[in-house]
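Visitor: following is a predicted model, sequence given first.
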Amino acid sequence: MLLREPTLLLDGLCFPEGPRWHKGRLFFSDMYAREVVAVDLQGKRETIARVEGRPSGLGFGSDGRLRVVSMVDRRLLVIGDSGPSTVAELSALSGGPCNDMVLDAHDRAYVGNFGFSFEYGEAPRPASLALVEANGSARLVADELVFPNGCAITPDGRTLIVAETFARRLTRFAIAPDGSLHDRRVFAELSVLPDGICLDAEGCVWVASPAAPGGFLRVAEGGEVLQRIELPDRFGYACMLGGPERRTLFLLEAFTSLPDRALPGNGRIRSVDVDVPGAGYPTALEA
C-alpha cells in the first residue's frame, strides 16, 4: 500500500514527543519548551500546561484528566484546573530520567526510564518498567530492558509492547489481571532504533526511528517492514494514529534530540492518511 505525501500540521517546535489524540485534537509534549500542547487539524495550537521537569509521555484517564510524565524529577503528574500535581514519585524505581508511558483501561500507567543519564554521557545500563496504579501506588513490573521507550497495549488489554531502543527490537509481555507482566518475548527484531510506537487494527506497529535512516516504519510481528516513510533530513521520534476513524498518522519529527540544539524550529508535526486504522492503547477518543 502506497502512502500519500505527509502534510505539515505544526512547525516551530523545540522537540515534540508523547502524542495522544483526544476529542478532536492532538496533544503532545514539547519537551524542551517545557509545555504540553494541543493542536487541532487546522493547525490551531493551545498550550495546556507547563511542566518544568520536561514533559514526555502523556495519557488520558477515564476521568478525562491528562497524565504527564515529568522526566527530570521522575514523577507522574495529573493536570488539574490549578495546574500539575503529583500522582506518583518514581525516583526510587528508575535509574535515569523517565520517558514514555501508556495508560490501560484501568487507569494504570506503565512508565519507562532511560536507566542512565543519556544527556550527560553515562554508560548505558539496563532499565525497568514501572506500573503506577490509579491510586498512585507504584511498583516495578519488568527489568533488564535496554532503554525502554514507546509502549502500546493491544485492544483486549492482554499484551503490552515496548520499544527497546538500543536493543533495536520490540518486546511483548503478557499482562496479568493485576497489571503484572510475564511471558516476555520478542515481537520484532529491527534494523533501526525504535522510539515512539502505536498499534493498528491489523496487529502491526508503527515505529518512529530517530537514527539514520530516520523515519517511520509499519512493522508486522516477526519484523517484516510493510510500509516506510523516509526522512532525508530529520528523524522520527514518535507517532500516533488518531483523527477521524483513527486513520490519520501523526508524525513527530526533529533534527536532533540534544537539548542545546533543540530550539524553536527544530521540531515539527506532519500527518498522513493511512488505510488501516489505529487500535488499542493509547486510546484515541473523539467524544
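Guide: That came through, no problem. Not measured: the values here are computed from a predicted model.
Visitor: element containing the nearest residue to Leu3 once chain neighbours are set aside?
Guide: Spatial nearest neighbour of Leu3, excluding adjacent residues (CB to CB, 6 or more residues apart in numbering): Val272 at 5.7 Å. Every C-beta, even on glycine, is put in place using the N, C-alpha and C of the backbone. In this assignment (DSSP states H and E), Val272 forms part of strand 267-273.
Visitor: name the strands paired with that strand and say parallel or antiparallel.
Guide: strand 7-13 (antiparallel), strand 248-254 (antiparallel) (DSSP bridges).
Visitor: which stretch among the ones you listed comes nearest Glu230?
Guide: strand 248-254 (11.4 Å; CB to CB).
Visitor: so for the closest one, mean pLDDT?
Guide: What strand 248-254 shows for mean pLDDT is 98.
Visitor: contacts for it?
Guide: Applying CB atoms under 8 Å, 6 or more residues apart in numbering, the external contacts of strand 248-254 come out as 6, 9, 13, 15-17, 19, 21, 26, 28, 41, 196, 206, 208, 214, 216, 229, 231, 234-243, 262, 266-274.
Visitor: about what we covered before: pretty sure the residue nearest to Leu3 contacts Leu9?
Guide: No - using CB atoms under 8 Å, Val272 makes no contact with Leu9, being 10.1 Å away.
Visitor: these two: who's more crowded?
Guide: Taking other CB atoms under 10 Å, Val272 and Leu9 do not tie; Leu9 has more neighbours (20 against 16).
Visitor: just the pLDDT for that one.
Guide: For Leu9, the predicted pLDDT is 98.
Visitor: which residues of the stretch 101-250 of the chain fall in helices?
Guide: For the stretch 101-250 of the chain, no helices are identified by DSSP state H, counting those that start in this stretch.
Visitor: now it, which segments are flagged as low pLDDT?
Guide: 116-122 (pLDDT under 70).
Visitor: swap the cut-off to 50 and go again
Guide: Scanning the stretch 101-250 of the chain for pLDDT under 50 picks out no residues.
Visitor: which stretches of it form strands?
Guide: For the stretch 101-250 of the chain, applying DSSP state E, counting those that start in this stretch gives strands covering 109-113, 127-132, 138-145, 148-153, 159-164, 169-175, 181-189, 197-199, 205-209, 215-219, 225-230, 235-242, 248-254.
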